[in-house]
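> need a 3D model of the following:
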Amino acid sequence: HSHHPLQRTFASRLHHSFQSDTAIKKITMNVQQDDSFEKREAVKEEGVVTSCEETASMETASLEEEESKTRRCWTRFLAIYNEYEFLILIVLAILLAKAYPPLGDEYLAPHITATWIAVIFIFVLAGLGLRTEEFKSAFKQVYFNAFVQLFNFGFVSALVFGITRILVEIGALVPSLADGMVICASLPMAINMVLILTKTADGDEAAAIFNAAFANLVGVFLSPMLILGYLGVNSDVDIVNVFYKLFLRVVLPLIAGQVIQKSSTTVVQFMKAHKYGIKKAQIYALVFIVYTVFCTTFADGATDDVGVGNIFLVIFFQFALLCIVTTIAWFTMRFLFRDEPRLRVMGTFGCTYKTVSVGVPLINAMYENNPNVGLYTLPLLIWHPMQLVIGSFLAPRLKQFVQREKERLGIVDDDDEVKSKSRGDMEATNEMSMIDEAQPEQE
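Below you'll find the model as predicted:
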């Protein structure tokens with residue numbers, strides 16, 4: 001409180017200095033508070049970001065798991081579809097034919113597209129695929145090959161004809177479906193199915209190749225004669241016209257396919273390179289024929305008198321007949337070819353299996369103007385998947401049977417010798433390696 005000028009000046013400066021220090025401290029505190037607030041906000045933001053990232057990763061994992069489940073389901077569906085493609089397509093074709101018959105009966109011109117183009121296409125491919133060079137093996141197993149052909153064409157068709165006449169007589173089955181069962185029994189054996197199942201069950205592949213090829217070549221002529229012999233020539237069938245059309249649609253394309261196979265290596269190489277696509281094309285051609293056949297059947301009202309109960313009866317009778325003829329063939333070959341296990345396995349399939357790839361176009365060529373053509377085709381479409389199911393069931397058991405019989409008979413095939421030799425080489429190699437490892441220890 002001094003009134004001296006110097007004192008006042010000093011006091012004033014000291015006061016300003018104190019105020020400045022106080023302001024600086026306040027500013028510093030405010031800055032520190034702001035920094036701590038920013039840090040807290042940053043921590044909050046980091047927490048929010050981390051939480052968002054965790055949520056996003058969980059959502060991504062969930063989506064990946066759903067995609068993985070979808071892929072697994074799709075893979076399973078494709079596997080099932082590829083295994084039963086023909087059966088699935090046949091069912092869809094029949095359902096579509098039932099839904100709107102005029103499409104396949106009129107608008108798609110089945111009298112040209114199905115009965116001519118599709119049939120000729122199928123038999124040209126059949127001619128390209130038949131390996132007739134295997135016919136020379138017939139002289140090695142004459143009795144066995146004769147037995148298989150006679151059983152497949154003769155015994156099976158005669159047995160089915162007799163049983164179906166009894167069923168029609170007692171009223172257990174409608175005549176059209178009974179005739180379809182006889183037609184199915186008169187057809188040659190299936191080529192691909194017999195070959196695949198014979199190979200799977202360790203049967204005689206050479207015998208399978210010959211019998212399948214020979215049966216389909218002979219069946220083009222023999223099957224129509226058997227069918228007409230059993231069912232007779234009625235007003236719907238002009239026998240001269242039937243054989244004329246069969247010659248144009250079936251025999252000539254088959255011969256053309258064989259000529260191309262023998263004369264053009266380019267076509268053979270193309271067939272080998274596109275084997276999968278050609279097989280698919282053949283399946284689709286068959287499905288198209290079946291579709292138009294059932295469109296005609298539904299359009300003409302041929303199924304009006306055939307109820308669902310008759311369809312189930314045909315399924316039951318076809319299954320029972322397939323089991324019966326397979327059992328008879330097995331025990332007959334046990335008596336005739338007791339010490340030939342691989343032949344017996346091949347005969348189990350070859351004696352009873354029927355071809356759908358030749359049967360469907362053959363039936364369509366013979367009965368194109370008959371309203372019951374769909375009912376004539378149905379028993380074959382039932383027999384085909386049944387023989388696949390039964391064959392798949394029997395194949396591993398027949399393979400075990402072949403191995404047991406080989407041991408009993410002391411049979412050693414070339415494959416067994418190769419396997420035994422390779423096994424011996426591996427054991428010798430292992431012994432040498434053990435000796436080499438033991439030598440340093442002895443030293």
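> low pLDDT regions in the stretch 301-443 of the chain?
Scanning the stretch 301-443 of the chain with the threshold set as pLDDT under 70 gives 302-305, 413-443.
> cutoff 50 now
Along the stretch 301-443 of the chain, segments meeting pLDDT under 50 span 418-419, 422, 435, 437-440, 442-443.
> could you do the stretch 51-200 of the chain as well?
Using pLDDT under 50, the stretch 51-200 of the chain has no residue that qualifies.
> contacting residues for the residue positioned nearest the centre of the chain?
Centroid-nearest residue in the chain: E83, 2.8 Å away (criterion: Cα atoms, centre = their mean). With contact set as Cβ atoms under 8 Å, 6 or more residues apart in numbering, E83 has no partners. All C-beta spots, glycine's among them, are computed from the backbone N, C-alpha and C.
> just A365 next, same as before
T115, V119, V242, K245, L246, R249, V250.
> just the buried members of the residues you listed?
Taking 16 or more other Cβ atoms under 10 Å as the criterion, what is buried in the contacts of A365 is T115, V119, V242, K245, L246, R249, V250.
> tabulate those residues (JSON lines), appending secondary structure.
Formatted as JSON lines, these follow (DSSP: H, G, I helix; E, B strand; the rest coil):
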{"residue": "T115", "secondary structure": "helix"}
{"residue": "V119", "secondary structure": "helix"}
{"residue": "V242", "secondary structure": "helix"}
{"residue": "K245", "secondary structure": "helix"}
{"residue": "L246", "secondary structure": "helix"}
{"residue": "R249", "secondary structure": "helix"}
{"residue": "V250", "secondary structure": "helix"}
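> which of those residues sit farthest apart?
Greatest spatial distance among those (Cβ to Cβ): V119 and V242, at 13.4 Å.
> just to revisit the earlier point, JSON lines please, covering the buried ones among the contacts of A365 and showing distance to T327.
Converted to JSON lines, the buried ones among the contacts of A365 look like this (distance: Cβ to Cβ, whole Å):
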{"residue": "T115", "distance to T327": "38"}
{"residue": "V119", "distance to T327": "35"}
{"residue": "V242", "distance to T327": "35"}
{"residue": "K245", "distance to T327": "38"}
{"residue": "L246", "distance to T327": "34"}
{"residue": "R249", "distance to T327": "36"}
{"residue": "V250", "distance to T327": "33"}
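> which among these gets closest to D300?
Nearest member of those to D300, counting by Cβ to Cβ, is T115, at 15.6 Å.
> how many residues are close by K98?
Using other Cβ atoms under 10 Å, K98 has 13 neighbouring residues.
> and it, what element?
Assigned by DSSP states H and E, K98 belongs to helix 85-99.
> list of residues touching the following helix or strand past that helix?
Once the chain leaves helix 85-99, the next helix or strand it forms, by DSSP H and E, is helix 101-102. For helix 101-102, contacts defined as Cβ under 8 Å, 6+ apart pick out C295, T296, F298, A299.
> from D105, how far off is the last one?
Meaning A299. For A299, the distance to D105 equals 4 Å [Cβ to Cβ, to the nearest Å].
> against V314, how distant is G307?
Taken as Cβ to Cβ, the span from G307 to V314 is 11 Å.
> more crowded one of the two?
Taking neighbours as other Cβ under 10 Å, G307 and V314 compare with V314 leading, 23 against 11.
> that one and L381 touch, don't they?
No. Applying Cβ atoms under 8 Å as the test, V314 and L381 come out as separate, 10.2 Å apart.
> give the residues shared as contacts by those two.
With Cβ under 8 Å, 6+ apart applied, the contact sets of V314 and L381 do not overlap.
> so between A299 and D105, which is more surrounded?
For A299 versus D105, neighbours defined as other Cβ under 10 Å are more numerous around D105 (21 against 18).
> quick one, what contacts that one?
T292, C295, T296, F298, A299.
> please repeat the previous calculation with a cut-off of 10 Å.
A97, H111, T292, V293, F294, C295, T296, T297, F298, A299, D300 (Cβ atoms under 10 Å, 6 or more residues apart in numbering).
> cool, and L128?
253-254, 256-261, 264, 267-268, 270-271, 278 are the contacts of L128 under Cβ under 10 Å, 6+ apart.
> for it, which non-adjacent residue is closest in space?
When the adjacent residues along the chain are set aside, L128 lies closest to G257, with 4.3 Å between them (Cβ to Cβ, 6 or more residues apart in numbering).
> tell me which element that neighbour falls in.
helix 252-263.
> and whatever helix or strand comes next after that helix, what does it pack onto?
Sequence order places helix 265-273 as the next helix or strand after helix 252-263, per DSSP H and E. Helix 265-273 is packed against helix 119-129, helix 252-263, helix 275-299, with contacts defined by 3 or more Cβ pairs under 10 Å, 6 or more residues apart in numbering; DSSP states H and E.
> mean confidence for the longest one?
Helix 275-299 comes out with an average pLDDT of 87.
> now the element after it, going C-ward?
Trace forward from helix 275-299 with DSSP H and E and the next one is helix 308-336.
> how about N369, secondary structure?
Going by three-state DSSP: N369 is coil.
> from R165, how far off is Y353?
24 Å.
> then F147?
Going from F147 to R165 by Cβ to Cβ gives 26 Å.
> more neighbours: the two, which one.
Legend: neighbour count by other Cβ under 10 Å for F147 and R165, higher for F147 (22 against 15).
> chain neighbours aside, what residue packs nearest to that one?
Closest to F147 by Cβ to Cβ, 6+ apart is L336, at 6.6 Å.
> tell me the contacts of that neighbour?
Y143, F144, F147, L343, R344, G347.
> quick one on the thing from earlier: shared neighbours, G307 and V314?
Joint contacts of G307 and V314 (Cβ under 10 Å, 6+ apart) are V174.
> and the strand or helix carrying I163, what does it pack onto?
Per DSSP H and E, I163 falls inside helix 156-169. When contacts are defined as 3+ Cβ pairs under 10 Å, 6+ apart, helix 156-169 packs onto helix 175-185, helix 205-231, helix 308-336.
> what comes up buried for the second one?
Translated: helix 205-231. Of the residues in helix 205-231, those buried (16+ other Cβ under 10 Å) are 207-217, 219-220, 222-224, 226-228, 230-231.
> repeat that for the shortest one.
Buried positions in helix 175-185, judged by neighbour count with 16+ other Cβ under 10 Å: S176, L177, A178, D179, G180, M181, V182, I183, C184, A185.
> just the longest one next, same as before
Judged by neighbour count using 16+ other Cβ under 10 Å, the buried positions of helix 308-336 are 310, 313-314, 317-318, 321-322, 325-326, 328-330, 332-333.
> quick one: contacts of stretch 248-258?
115-130, 132, 216-217, 219-221, 223-224, 243, 246-247, 267, 271, 358, 361-362, 364-366, 368.
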